[in-house]
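1. Task: produce atomic coordinates for the following.
(one chain, ligands or ions: 1)
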Amino acid sequence: MKSSVKFIHTADLHLGSRIQLNKNFDSDLDQNYKNAVYNSFNKIIEAAIKKEVNFLVISGDVFDNEARSVKATRYFKDKCEQLKEHGINIYIINGNHDPYRREGELLELPDNVYICDTEEVSTFEIYEEGKLIARVLGQSYRGSSESRKMCTFYTTPDQSVYNIGLLHTQLDPNDSNYVPVSTNDLMENEHIDYWALGHIHENRVINDHIPYIIYPGIPQGRDMGETGVGGYYFVNLEPENTYYKFEKTADYIFDRIEINLSELNKDNLSELIYFLKDEIDEYYNSLDKEVMGYILRIVLKGKTKLYKLFQEQEEESLNDIIKKLRSHYSGRMPSIFVNDIINRTSKKIQDLDNIIAKDPFIKELISFMSNLKENDEKVKEIKNAMGDIWNPEVDLEKQDPKEFQITDQLFEELFDEAKNEIIKEIIERRDL
Ligand SMILES: [Mn+2]
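-> Down below sits the predicted model:
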């Protein structure tokens, strides 16, 4: 019978980077934002000690930057030394953000840190009281992209113990930048019991039985592209009682809330701000109070009488609302910070239901557009026709803030906005 093995699986620490907000960091309070990425790693270290794990694995991107940051390296070294005092080893692969450095790391790391090789698969044997209890396998990135299909060479001498494979990958067989492998490739490798993946910054369980395939995600999200709760996986592999548990580490959570203005019948900013406060209060009451704070993107939707104001003075209006909301919600625990507001409202057309009922053309148009949205081929055509500024590749590493990623959600929003514009134009021009 295999020995049980208990470990923590984390990835994508991105030490040296920090939370990005739509404002300057100034007050003392902002120190918390600056430290959040480090804090999340500290929580992992504390958990490893408290849970008395056999070891810790980090599946790439310990550091945010190939050049490394001195502060980040010092922090990492100190934390590794803390684990050493408790007899806990750390096994690491280098990812695309922190590829292998020929010169070595900036600071000499303690001898409980094992970094996998770039040229072949490294295999580390884990012993507990003189007995082999597991193996950790991994291979590091040579540079900021990696086209080798590494998982093929993850082979072990036997299956007498649990074998854990570390891999930093996009898990896309057609992606040549971040290890082109498919879920099936991993499933078919009979040597590995647990695939400890890294690279995708969102926690995902791809396969929930042997071979387990799991992404822990980033321990602390840093911008609106990294919404959701950050954390790590605590894993216990045991013949009769295997379990894995996602544990939260993020001090701050980026979130996006949609607020529909259709119900708001007033057309002034004061009323809008009252309305938003009510909606945000309701959201706030539902939050996990153990988190230090929430950073929000508010998306305004629906048909509104404020449409004209937004058309004429969108930036000024939104800035005014943001300022009011920020001061209203300051000083709370957990904190709430309105990072930005996106306006996706459309014009309120009086009596639209009535117009649709009476007008077979508009009725037909609405049904045509709804069908169009459901047709994958047509959606693809529309996306192509949208032009180059829309980067169809959702490659997290190459995101340019001046380009737009067409996520399904954004496509849906733009599509609805276009539909509303067309209907509005037709109605106005016919003077219905
Ligand atoms: Mn990463």
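2. Quick check, pLDDT for the closest residue in space to residue 69 that isn't next to it in sequence.
-> Counting by Cβ to Cβ, 6 or more residues apart in numbering, residue 69 lies nearest to residue 16, which is 3.6 Å off, once chain neighbours are set aside. Every residue, glycine included, has its C-beta placed from N, CA and C. What the model reports as pLDDT for residue 16 is 95.
3. For the stretch 201-350 of the chain, give the residue positioned nearest to the ion.
-> Residue of the stretch 201-350 of the chain nearest the ion, by Cβ to the ion: residue 201 (6.0 Å).
4. Show the residue spans covered by the strands in the stretch 51-200 of the chain.
-> Ranges of strands in the stretch 51-200 of the chain, per DSSP state E, counting those that start in this stretch, are 55-59, 89-93, 113-115, 122-128, 131-138, 162-168, 194-198.
5. counting contacts, what elements does the fifth one pack onto?
-> The contact analysis (3 or more Cβ pairs under 8 Å, 6 or more residues apart in numbering; DSSP states H and E) places strand 131-138 against strand 5-10, strand 55-59, strand 89-93, strand 122-128, strand 162-168.
6. likewise the fourth one?
-> Helices and strands touching strand 122-128, by 3+ Cβ pairs under 8 Å, 6+ apart, are strand 131-138.
7. Pull the strand it packs on out as PDB, backbone CA atoms only.
-> Only the C-alpha atoms of strand 131-138 are listed here, as PDB (Å, rounded to 0.1, in the frame of the first residue of the first chain):
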ATOM      1  CA  LYS A 131      11.300   5.600   3.800                       C
ATOM      2  CA  LEU A 132      10.500   6.700   0.300                       C
ATOM      3  CA  ILE A 133       7.000   8.200   0.300                       C
ATOM      4  CA  ALA A 134       6.800  10.200  -3.000                       C
ATOM      5  CA  ARG A 135       8.500  11.600  -6.000                       C
ATOM      6  CA  VAL A 136       8.400  15.100  -7.400                       C
ATOM      7  CA  LEU A 137       9.100  15.500 -11.100                       C
ATOM      8  CA  GLY A 138       9.500  18.800 -13.000                       C
END
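8. How far does that strand sit from its chain's centre?
-> Taking the mean of its C-alpha atoms, strand 131-138 sits 30 Å from the chain's own mean (Cα atoms, centre = their mean, to the nearest Å).
9. again with stretch 13-29
-> Here stretch 13-29 is found 17 Å from its chain centre; the criterion is Cα atoms, centre = their mean.
10. How about it, which residues are buried there?
-> 13, 14, 15, 16, 17, 18, 19, 20, 21 (16 or more other Cβ atoms under 10 Å).
11. Make TSV out of the residues you listed and add distance to the ion and secondary structure.
-> Below are these laid out as TSV (distance: Cβ to the ion, whole Å; DSSP: H, G, I helix; E, B strand; the rest coil):
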residue	distance to the ion	secondary structure
13	9	coil
14	6	coil
15	11	strand
16	12	coil
17	10	strand
18	15	coil
19	15	coil
20	15	coil
21	20	coil
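12. Between the helices and strands packed on strand 131-138, which one is closest to residue 254.
-> strand 5-10 (18.9 Å; Cβ to Cβ).
13. Stretch 298-311 - what's its average pLDDT?
-> 89.
14. distance between the ends of that stretch?
-> End-to-end distance for stretch 298-311: 18 Å, by Cα to Cα, to the nearest Å.
15. Show residues contacting that stretch.
-> In this structure, residues lying in contact with stretch 298-311 by Cβ atoms under 8 Å, 6 or more residues apart in numbering are 256-267, 269, 272, 276, 280, 317, 338, 340-349, 352, 413, 420.
16. can you rerun that using 7 Å?
-> The contact list for stretch 298-311 (Cβ atoms under 7 Å, 6 or more residues apart in numbering) reads 256-262, 264, 267, 272, 317, 338, 341-349.
17. that older thread, quick one: which of the strands of the stretch 51-200 of the chain is nearest the ion?
-> strand 194-198 (6.6 Å).
18. from the middle of its chain, how far away would that closest one be?
-> Strand 194-198 has its C-alpha centroid displaced from the chain centroid by 17 Å (Cα atoms, centre = their mean).
19. Is it positioned near the ion?
-> No: if you take Cβ under 5 Å from the ion as the test, strand 194-198 misses the ion, and the best it gets is 6.6 Å.
20. Output the contacting helices and strands for that strand.
-> With contacts defined as 3 or more Cβ pairs under 7 Å, 6 or more residues apart in numbering; DSSP states H and E, the packing partners of strand 194-198 are strand 55-59, strand 162-168, strand 212-215.
21. any idea what sits nearest the residue of the stretch 201-350 of the chain closest to the ion, other than its immediate chain neighbours?
-> Residue 201 sits nearest to residue 218 (Cβ to Cβ, 6+ apart), 4.1 Å away.
22. show me what contacts that neighbour?
-> By Cβ under 7 Å, 6+ apart, the neighbours of residue 218 are 12, 14, 201, 226, 230.
23. Confirm that it sits in a helix.
-> No: in this structure, residue 218 is coil, not part of a helix, as judged by DSSP: H, G, I helix; E, B strand; the rest coil.
24. where does residue 341 land in three-state SS?
-> Of the three states, residue 341 takes strand under three-state DSSP.
25. I'd like to know how many residues surround it.
-> Applying other Cβ atoms under 10 Å, we find 20 other residues in the vicinity of residue 341.
26. which residues touch it?
-> Listed by Cβ under 7 Å, 6+ apart, the contact partners of residue 341 are 298, 300, 318, 321, 322.
27. can you rerun that using 8 Å?
-> Counting by Cβ under 8 Å, 6+ apart, residue 341 has contacts 297, 298, 299, 300, 318, 321, 322.
28. Can you name the element that comes right after whatever helix or strand the first one lives in?
-> So that's residue 297. For residue 297, the host element (DSSP states H and E) is strand 293-304. Next along the chain after strand 293-304, taking DSSP H and E as the criterion, comes helix 307-328.
29. mind listing what's buried in that next one?
-> Buried residues in helix 307-328, counted by 16+ other Cβ under 10 Å: 307, 309, 310, 317, 318, 321, 322, 324, 325, 328.
30. Tabulate those (TSV), appending distance to the ion.
-> Output for the buried residues of helix 307-328, formatted as TSV (distance: Cβ to the ion, whole Å):
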residue	distance to the ion
307	40
309	41
310	37
317	37
318	31
321	34
322	30
324	36
325	32
328	35
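31. how long is stretch 118-136 end to end?
-> Note: stretch 118-136 ends 15 Å apart using Cα to Cα.
32. what number of residues lie near the nearest residue to residue 68 once chain neighbours are set aside?
-> Excluding the flanking residues, the one nearest residue 68 by Cβ to Cβ, 6+ apart is residue 106, at 5.1 Å. Neighbour count of residue 106, defined by other Cβ under 10 Å: 17.
33. got a pLDDT number for residue 106?
-> 90.
34. which residues touch residue 424?
-> Contacts of residue 424 by Cβ under 8 Å, 6+ apart are 346, 347, 349.
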